[in-house]
Every structure is written in structure tokens, then in C-alpha cells.
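1. Give me a 3D structure for the following:
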Amino acid sequence: MKKIILSVFAASLLFSCSMDSTPYIPTYTIGENFNTSIEGWKGDFADYPVGSENFYELKFAQAKLPMPLDTTKKALRISGNNHSDDLFMYITRKYSGLKANQKYSINFEVEFASNAPSNAMGVGGAPGESVYFGLGFTSIEPKKVIDSTSNHYKMNIKKIQQATSGDDMKVYGNIANGTEKSEYKLIRKSGVFTGKTDAKGDIWLIIGTDSGFEATTTLYYTGLRATVQEVQGGI
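-> Numbers count the residues shown, from 1 in each chain. From the prediction side, this is the model:
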């Protein structure tokens, strides 16, 4: 569990502007560098048959970046072979220190390395454009659960479903690396998402991909920067 750090504002802005009727809106910051720390972060998978972890080659760990990137640096590596045409791969962690039952907006930038070329053909779909990137946060811990009807692992939140956003996550593009080459390149995704804390003022941030590409996808998450701001009247 990690406390979100309150951004530092000059005292003069807070106390000497009594004539300014603009309300003060608390803003918090998040900064993660996965080269130095992965404390609190978990990686997991959903939308695959129970007991098929080896067949789907599901792997998550901190690992060195691949060539041609800086191999002296580390990142969160997540990888899976999408036999189901719908594999969801995600990382998540808990943050605390916010107001209870309060609506917040998060303005984020996520950096990761992808070797999926743009406009390439692939099995079932493109390796880049058919693997959709999403982010969100929830007031419950995102977990995979067993769907007894299908005997598949499903998520307990309303995540992205390939190109379709859910209540708890939104789609912010795909993992195409912007080149014609199947080599790793650092790319960044950014956007704004709004959600609500739980009764203790906690949130769970979730970052992930939902795939229509029926082969292996391996990503390296290098870092995250975000600002979290209260939504006025959002209780």
C-alpha cells in the first residue's frame, strides 16, 4: 500500500489570496519508475481457461529491457500467448491517502516498450492495432475470478473489452510501435480517467491490454506519471 503524495503549493498561494474566490482543489501526484522499484505492483491475466497458464505462456516479472533499448535498465515485463483471441494482461497496485468516497480525475502518462509494428498482418488480428491499451482505477481490488459457466478466468471489474471501454477502464489506443520494424521501441500513452475512492480513501490503479491478436505479446512497462485531482461535488 502506498500513500499518494500531496503536491506542494506555495504558502502564499494558499493563505495570502483571501480576495480570490476560486476554490482550492487538492491535487496529488503519482510517480513510478520500474527500473528502481516495483513495490506493491502485481501482474496477472484473465480471459483464458482455468489451468491453462503453461499453455498460454503467462509470465510476469521485473526484467531488463531488451535490445535495442538500454539493457542496463529494468521494467515490468508481462507476456502471454493469446490462444483465446481475448487475453487480458494487466498490472495493478493500491494507493491510499485520498478522501473517502470521493470522485477523482487522474491525468496520466504511461511509458512501455512494444515490438509490435504498425500496420502489420497477424494471426486473428494485427500484433499492434488489435492489442488495445487501457487504464482506470477502482474502489475494489481488480482480480480475476472463475466464471463457472465457461470455466474461464474473468475480471471482477468492468474492464476494457478490446476496443470497447468499460465503466472501470477506458481504451487509450493500442500497442503499435509506430514503425515497420518488429523491434522494441518506447512509446507513451496518456489520457484522463475519472473514478471514486472506497470508504477508506483507497484506490486501485489498473493498467492493461486486451488482445485480439492470436499469438504472443510481450510488453515492458517502464514507468508512470500522474496527477490526481478531486472532482468538485463528486461525492
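
2. after the helix or strand bottoming out on mean pLDDT in the chain, next one along is what?
-> Counting by mean pLDDT, DSSP states H and E, the chain has its least confident helix or strand at helix 11-15, which shows a mean of 33. For helix 11-15, the following helix or strand on the C-terminal side (DSSP states H and E) is strand 27-33.

3. which SS state does G208 fall under?
-> strand (DSSP: H, G, I helix; E, B strand; the rest coil).

4. Name the residues linked to it by a beta bridge.
-> Y90, G134 (DSSP bridges).

5. That one touches L76, doesn't it?
-> No - the criterion here is CB atoms under 8 Å, and G208 misses it with L76 at 11.7 Å. All C-beta spots, glycine's among them, are computed from the backbone N, C-alpha and C.

6. what touches both of these two?
-> Contact criterion CB atoms under 8 Å, 6 or more residues apart in numbering; residues bridging G208 and L76 by contacting each: I91.

7. so S105 is in which element?
-> strand 103-114.

8. so how far is that strand from its chain's centroid?
-> Distance, stretch centre to chain centre, for strand 103-114: 7 Å (CA atoms, centre = their mean, to the nearest Å).

9. Same question for stretch 228-235.
-> The answer for stretch 228-235 is 21 Å, by CA atoms, centre = their mean.

10. try stretch 89-97
-> With CA atoms, centre = their mean as the basis, stretch 89-97 stands 8 Å off its chain's centre.

11. so how far is the first residue of stretch 188-205 from its last?
-> Stretch 188-205 has its terminal residues 17 Å apart, counting by CA to CA, to the nearest Å.
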